[in-house]
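# Generate a structure from the sequence data that follows.
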Amino acid sequence: IISPRLSSTQRMDVISAVRFYVDKIVSDQSISGMKALILDPVTTQVVSMVYSQTQILEKEVYLVEVLGNRHEAMNHLKAALYLQPTESNIDALCREIRDPQFSEYHIFFSNIVSQEMLSRIGRADEHEVVRQVQEYYAEFLPINDDFFHLGVGNSVMLSSSVGRSLEAGRVFERNVHGILSVLLALRRRPSQIRYQAASDVARRVASEIVTEIERDDVFDFRRQEGPMLLILDRRDDPITPLLTQWTYQAMVHELLGLNNNRVILRGAPGIRKDLEEVVISATQDPFFAKHRFANFGDLGTAVKQLLDEYQRNAKMNENIQSIEDMQAFMERYPAFRSHAINVSKHVALMGELARLTDVCHLLDISALEQEISCSSDHNTHKHELFDKIASPAVQKADKLRLALLYIIRYEQYEELGQIKAALVDNGVDRVSLLDAMLQYAGESRRAPGLFSQGGILGKIGKTISSTVNGVENVYTQHVPLLQSILDSIGKGKIKDSAFPAITPASASGSRPGEVIVFIVGGATYEEALTVADFNRANPSMRVVLGGSCVQNSMSFLDELNASYGLGR
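Residues are numbered from 1 along each chain as shown. Presented below is the predicted three-dimensional model:
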């Protein structure tokens, strides 16, 4: 087994790390010429995050298919296989090479492959078609250069009573292997591994990672000091996934769903056929890369400028009076056509976000969400909550979200029965999610500090901020718990009691140059924005955020219901 060498001195960048490995596969000189690319469901997602279909074709990839797909032999093609080293994949691979459909097989595994698996492949290679086997570490999905996820749903179950079931064991293993893959892709061996002290699953993940790193010398990189790896639990901040979002990337995910850089607009009023499914990727769309963290107001201005620029170019193309003009137009046409598609896409997305904001009264709902999350005013918040629950203008899903935020904030008032009755009276389903939320992340379950910034000083600070920066801050007052954790790390003041080190930690008060934070149970785009802002403000420190998946309110509540649901 050999693997390519990505420099361990480069800045941590998860997009570049994955693209490096995919480039190595499709550009491998021993597979030059027309080739087939064979993937599994996970590596299909990984490749799609960094390569477009056009870019794949440019690498002379004639066929892309899933492992196990049988058809007539294509002996004129070599096959590059990029696969997870799982039992099911090894079984399918052995069947494939016993009855080969291609002339050669070049196998690239996305993580560490065991000696036993290699032996099985060797025994199955009766026709001697396997030319190479390599480990190219990329078992994660990069979204931003400092944000990735594993595409693993149902990780919330790891904090529940079913957390030791067979299915939970597979989910746990996938989380651990995904983190290991990130470390290998970035060529980083952590100098210290910490975990959230209040979380059993965070401790178990951290312990398993230490065991795996010490077991295999593949983690021995030539670096003076590795990053801090910090394992957190979604349970300790259940507020962030429930909030309405107001930045482009986060809004799209919350209101439309952003899955592997794809957005489904099918069914939205007035959407053209060619815009029913669109791709928004920071690596393939310069406008999105520039404005993904823009708030809704600034985004509207930017989309208008994009449209104005397109209209100016369109007018220029109308003035064709000679053969030379026609030739110049044909040279410009591919870029012009690409620009037209991009403009149509962002105008359509902006229009649908604006429509949903209006139809669902999200400005009004978000203001209450932010107040509940950022300040303590029980009587006022209770009155406003019950007004929203009774209002026919408020969507049922939004009523449930508001009730959940309220019950997390005011659990000690024991108003659960009263709130559930009001929700049922107003036609809201799944009210058992309130019980589930308290079982999952009630005050006795989560780590302390979720509302530590909600006192009188916090209120004064928020008021001043809103006065200085304008009314838009009413909707963006909330700061994820992750922000205070990163601030503590940046000041060298992270507490061993709250985040114990499972490996020998650096000297007390030291500030790591690099940090990898992983949230078991899923991260959010609001937290990704927090990390991006932190990196901009702290150029001498680099943070990368990862999660089991990327949660929005719907996916988070679906996972909560699956693991803790108690019926209606």
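
# Helix or strand next in line after the lowest-mean-pLDDT helix or strand in the chain, which one?
Counting by mean pLDDT, DSSP states H and E, the chain has its least confident helix or strand at helix 456-469, which shows a mean of 39. Counting by DSSP states H and E, the next helix or strand C-terminal to helix 456-469 is helix 481-490.

# Next SSE downstream of that following helix?
Remark: after helix 481-490, the chain's next helix or strand is strand 514-520, criterion DSSP H and E.

# for whichever helix or strand comes after that following strand, what is the average pLDDT?
Scanning forward in sequence from strand 514-520 by DSSP H and E, the next helix or strand is helix 525-537. In this model, helix 525-537 carries a mean pLDDT of 97.

# buried set for helix 525-537?
Tyr525, Glu526, Glu527, Ala528, Leu529, Thr530, Val531, Ala532, Phe534, Asn535 (16 or more other CB atoms under 10 Å). All C-beta spots, glycine's among them, are computed from the backbone N, C-alpha and C.

# do stretch 392-405 as well
Buried residues in stretch 392-405, defined by neighbour count with 16+ other CB under 10 Å: Val394, Gln395, Asp398, Lys399, Leu400, Arg401, Leu402, Ala403, Leu404, Leu405.

# Let me see the residues that make contact with that stretch.
Residues from elsewhere that reach stretch 392-405, judged by CB atoms under 8 Å, 6 or more residues apart in numbering: 238-239, 242-243, 360-362, 365, 368-369, 372-373, 385, 388-389, 419, 423, 426-431, 433-434, 437, 553-554, 557.

# which regions of the stretch 51-200 of the chain lie under the pLDDT threshold?
By pLDDT under 70, the low-scoring segments of the stretch 51-200 of the chain are 162-163.

# hey, where'd the helices end up in it?
In the stretch 51-200 of the chain, the helices defined using DSSP state H, counting those that start in this stretch lie at 53-58, 87-98, 115-124, 166-186, 200-215.

# Among these, which comes closest to Pro448?
Among those, helix 200-215 comes nearest to Pro448, with 15.1 Å by CB to CB.

# Run the chain-centre distance for that closest one.
A distance of 22 Å separates the centroid of the chain from that of helix 200-215, by CA atoms, centre = their mean, to the nearest Å.

# does Gly297 belong to a helix or a strand, and which?
Element membership of Gly297 [criterion: DSSP H and E] is helix 296-318.

# Show me what that helix is packed up against.
Applying 3 or more CB pairs under 8 Å, 6 or more residues apart in numbering; DSSP states H and E, we find helix 296-318 packed against helix 248-255, helix 286-291, helix 323-359.

# and of the helices of the stretch 51-200 of the chain, who's closest to Val263?
With CB to CB as the criterion, Val263 lies closest to helix 53-58 of the helices of the stretch 51-200 of the chain, at 16.8 Å.

# List the buried residues for the closest one?
Gln55, Ile56.

# Check stretch 537-545 too.
In stretch 537-545, counting by 16+ other CB under 10 Å, buried: Met541, Arg542, Val543, Val544, Leu545.

# Tell me how far the nearest residue to Tyr440 once chain neighbours are set aside lies from Ala441.
Spatial nearest neighbour of Tyr440, excluding adjacent residues (CB to CB, 6 or more residues apart in numbering): Tyr564 at 5.4 Å. In this view, Tyr564 and Ala441 are 10 Å apart by CB to CB, to the nearest Å.

# So which of the two has more stuff around it?
Ala441 (27 against 22; other CB atoms under 10 Å).

# The more buried one contacts Arg235, doesn't it?
Yes - with contact defined as CB atoms under 8 Å, Ala441 and Arg235 form a contacting pair (4.6 Å).

# which one's the longest strand in this protein?
Counting residues, the longest strand found in the chain (DSSP state E) is strand 74-83.

# can you pull the buried residues of that strand?
When burial is assessed from 16+ other CB under 10 Å, strand 74-83 yields the following buried residues: Met74, Leu77, Lys78, Ala79, Ala80, Leu81, Tyr82, Leu83.

# contacting residues for Leu243?
By CB under 8 Å, 6+ apart, the residues touching Leu243 are Ser366, Glu369, Gln370, Ser373, Leu405, His478, Glu526, Ser553.

# Restricted to helices, list those.
Judged by DSSP state H, the contacts of Leu243 include Ser366, Glu369, Gln370, Ser373, Leu405, Glu526, Ser553 as members of helices.

# With respect to Val26, which of those is nearest?
Closest approach between the ones in helices among the contacts of Leu243 and Val26, by CB to CB: Glu526, at 34.6 Å.

# got the contact list for that closest one?
Neighbouring residues of Glu526 by CB under 8 Å, 6+ apart: Thr240, Leu243, Gln245, Thr247, Ala250, His478, Pro480.
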